[in-house]
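# have a look; sequence and predicted model below, questions after that.
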Amino acid sequence: MTAASLGSLMLNSMPIRGMANGEMMNMLHNSQLAAEGRILVMVQLHGGNDGINTFVPLDQFSDYTSLRSLTAMPDPNMSISGGSRSTIQLDANLPSEKQIGLHPDLAQLKVLWDMEKVAIIQSVGYDNLNQSHFRSRDIWFMGGGFSDYFSSGWMGRFLDTTFPNYPDNYPNAFMLDPLGLELGTRVSLGFHRGNGLPAAIAVDNPEDFNELVSGVGGLPPDTIPNDRFGSELEYLIGIERSSNKYATRLEEVFLAGSNTVAYPATYTGTAVIPVNKVNNSLSPQLQTVARLISGGCQTRIYLVRLGGFDTHSLQVDVNDTTGGTHAALMNHLAEALKAFQDDLANQGLEDRVLTVTFSEFGRRPYDNGSYGTDHGKAAPMIVIGKGVNPVVVGDNPSLTNFDSSGNLLFETDYRQVFTDILRDWMGADIGTLESTTFGDYADQTLNIIHQKYSLGMGDACPCHD
Amino acid sequence: MLSLNPITGTLGTTRAAHLLRRLTFGSSKAEIDSFANKTIAQAISDLFQARPLPPPPKDTATQSEWVISGYVDGVNSSSGRLRNYIRAWWFAQMMDAGANATEKCVFFLHTNFTVQSGVAGNSIELYYQNQLLRMYCFGNFKELTEKISLDNAMMSFLDGASNKRTSPNENYARELFELYTIGKGSEVGPGDYTTYTEDDVRAAARVLTGYQKSETYIDADTGFPSASVRINSNNSTNHHDFDPKVFSTTYNGHTIEPAALDAYGYATEAAMRAELTDLIDMIFAKFETAQNICRKIYRFFVYYNISPDVETNIIDVLANTLVANNFNLQPVYEQLFSSEHFFDEDTPDTSDNILGSLIKSPLELLIGSLKYFNVTLPPWDVSTQAELEAYFDHSFRNSLNGLLKAQGLEILNPPEVAGYPAYHQGPSFPRNWISSNTLAERYALIPTLQKGRTVDSVLYYKLDIVDFVANNISAPHDGVVLVNELLDALFPIVVSQERRDYFIYDVLLDGLQLYNWTNAWVSYTSTQDDSAVRPTLEILLNGILQAPEYQLS
């Protein structure tokens, strides 16, 4: 078909603009995605989350306590008196090498696990895991390995391939909203598309955002010189244009949406936590995301962030290892995730949304004498939603067999996790996975996504019935 | 052919404006005109006069300083407010610096030796660290590195005080290599980053064991409080690791150990401190350290992408200058900012021009606007409570500080340990200042400044465009002259005629005729009733300063 012959072709009773054949195929694929409406919410745990205090390896508890003389959770088998806190057994039915004791402030994660909405992937990392925050975070966002230096992020490449000709052909009838949305004021490397405009825009509050954006700006210059000044001008003009395009729409969608639960604004646990860690900064972000989705936002990937995980000192309270900074963060994480999931469930949106937590690295198996832990390597990821296989992928990390630097061994490459999600949850085909640079992982699976929901490999589900 | 040869002749307006834009946070028209008549040697000499260290700020609650005499709970303002007063005090230095590079260079050092006030550092510690940077603003970078390793704010920020022999904490040691000096090379093996290894980080952490914050230990060179050594009842440095610290083959297996032990087998204080000097010497002996520092200077002041050609012909040359001058910064600055390369005169190719190639930071955008339009803020170094509040509270804490934060920059509080993303997050570097939010806030700044800041009927500052035009435009009644003079001053590059026409005919005249504007202005000059000219001029200024060209330096 030529562009001219498309005429006023209708698709899903929405008129489409005339375009070349290849683009037509992409539009059909996109319309499937649009109809499916699959959404991915990335929760960045910034600073390096301590995996073995999040998921205490109950099968190696005595090794655990000797490594962590100042920061170990108390022994759950000791008689608990006076209401003191201890780890929460994730699931008595798991085999011993997968026996996890949740941090006491992850009570809501236990509730989600019992609802079969949680998958845990242990010992995630990559070869030669880099222990610098900035470099490792960049690697996770780039979707590369330890020696890669891409100028784009895997989310940006995925969105770019799935929605071609961004930003010029957008918004359009199939995609009214930004491809990606980051809560906050900056767009992370994850959404970058190389030299062009990032695939996401950053929004703090959609109402304020629209009010702000619609009042300012002006006509950009017509001619852009062919030099560095011109290149920066183009970048600025592009950001302005995309903000203008989306601001009104996002406000409309936000106002049309709603939240059906109260997201906890402060720490709800019972331990002593630092005064500057009381506020739950994840709640308002997930609350905004839920409201946008409920209002009809078609954005595919959201990125929210919880910071403060770089617990070199005072990770725990000096008088109570179940309290302290990490405890507050665990509580904020679990409470916000649970509220988010409930909100989606109440509004019939649960089938469309998958949430994943990730962090740039874990922490060292042994603590450091400042009641904290230093940068480590492998760490767990958590996947939440109705679409998961409610399993623990991988055994507890070994607390005796470390890598050459004395760190926990990694078993699963993070790119396999994201490949499973893009392929099986987001419906990415092999071409898309290759453009995202995950082609090498495309034909393996961790079975994170439940067969009922899988758009990809859909193997038999090894989960509970 | 890239060249660091100095330019010749007097600067002229375009070169003067470029030099001042890059080496200060903003200049007035008078300063630009004055520099236009100078040679580069005169201009550089003026810019690199070190300002004397300013006196400390006073607390509005007590009308006296607290950083030297100490914080009194219940008497002084809250610690959070005092941190904001340190921000305000530094902002005042940036405003007051004039045509002088001191504060821009202090800020450069701050982007390198980061601190996050939201994480660590009380107001007193932040004050002293900032003065330390100012003391070394054109000075010895290596010596500064050694001093800042024991600076109290830095000890707070990167857990230096928790770093002990029996429980080393690597936080500072890692950033010393990665962020502050030699930087990370490519990863050539497990834990090997070419320029240092994970083992080097661990060894350096051990060198740094056994210090603690101190308000009373005064550094003999700086006169500022800095870390003291932890001692036990025998006066032994029992928390310092006295064993040999062996570094990797990257450092030729260099070993650091105390030169003298006391009777109990612990390092003497002098020997312990000497180990730090040894560590700094070791890192700076590698040419990569000088190269990395020069790259940071280049990215901050010149352009954020460094081609192999620039690497060889500019960075390496500057690095050699830095080493030859024992890590004094001033010769490097003078060489770079006097050069044909800096002024786009070393190659005929204009596609790699430096002029206009950097997105301004929020500080340059704000201060640049205030300085050019002669907006005065209430003075800061004053004595009464009302006068102090006029600057510290009404102007800065409750107004300007929020404007900066909304644009993504909180002074002394970058979002991460590596600092403000604009200076470390490749590939975008200064593009990181721009997101849909922050761009809109940068635009919204202009009407906010024009509206000014009034509290309880008292006006604290205002950008008054009518006043500016009346006193600074050569022929304000002439719409073409008016627009041309503003565009020539405010946009970094030569503006095309079609763009000028847009501002003259669409923005200023809005479809009316030039004589309409002339009549309105003439009428204003005789009646002093500005109701016809003020709205028009404010719209014109919004148009010009909300243009993308104004975002660039």
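That came through fine. Note that this is a predicted model, so its numbers are computed, not measured.
# run a quick neighbour tally on the closest residue to chain B within chain A.
Closest to chain B within chain A is residue A:369: 2.0 Å, counting by CB to the nearest CB. Where C-beta positions appear, they are placed from N, C-alpha and C, glycine not excepted. Using other CB atoms under 10 Å in any protein chain shown, residue A:369 is surrounded by 18 other residues.
# quick one: contacts for it?
Residues in contact with residue A:369, defined by CB atoms under 8 Å, 6 or more residues apart in numbering or on different chains, are A:70, B:162, B:164, B:166, B:167, B:168, B:169.
# where does residue A:152 land on pLDDT?
With respect to pLDDT, residue A:152 scores 87.
# tell me which residue lies farthest from the centre of chain B.
residue B:263 (47.1 Å; CA atoms, centre = their mean).
# which SS state does that residue fall under?
What DSSP: H, G, I helix; E, B strand; the rest coil gives for residue B:263 is coil.
# and for residue A:168?
Quick answer, by three-state DSSP: residue A:168 is coil.
# separation between it and residue A:268?
47 Å (CB to CB, to the nearest Å).
# which of those two has more residues huddled nearby?
Neighbour count, other CB under 10 Å: between residue A:168 and residue A:268, residue A:268 has more, with 14 against 8.
# the more buried one touches residue A:332, doesn't it?
No. Between residue A:268 and residue A:332 there is no contact under CB atoms under 8 Å: 9.0 Å.
# tell me the buried residues in the helix or strand hosting residue B:500?
Residue B:500 is part of helix B:497-501, with elements assigned from DSSP states H and E. For helix B:497-501, the neighbour count (16 or more other CB atoms under 10 Å in any protein chain shown) marks residue B:499 as buried.
# number of residues surrounding the closest residue in space to residue B:17 that isn't next to it in sequence?
Leaving aside its chain neighbours, residue B:17 sits nearest to residue B:32 (5.2 Å; criterion: CB to CB, 6 or more residues apart in numbering or on different chains). Number of residues near residue B:32 (other CB under 10 Å) recorded here: 22.
# which parts of the chain are strands?
Went with chain A since none was named. A:10-11, A:14-15, A:39-46, A:55-57, A:88-89, A:100-102, A:118-125, A:180-183, A:200-203, A:301-307, A:353-359, A:379-384, A:392-393, A:412-413 (DSSP state E).
# actually, chain B is the one I wanted.
Under DSSP E, chain B gives strands at B:211-212, B:228-229, B:245-246, B:255-256, B:453-455, B:458-461.
# how about these in TSV, adding mean neighbour count and distance to residue A:284?
Shown next, in TSV, are those (neighbours: other CB atoms under 10 Å in any protein chain shown; distance: least, CB to CB, whole Å):
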stretch	mean neighbour count	distance to residue A:284
strand B:211-212	22	38
strand B:228-229	20	43
strand B:245-246	18	46
strand B:255-256	17	48
strand B:453-455	15	29
strand B:458-461	16	33
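# so which of these comes closest to residue A:162?
Closest approach to residue A:162 among these is made by strand B:453-455 (47.1 Å; CB to CB).
# tell me where the model's unsure across chain A.
A:1-36, A:78-83, A:195-196, A:457-465 (pLDDT under 70).
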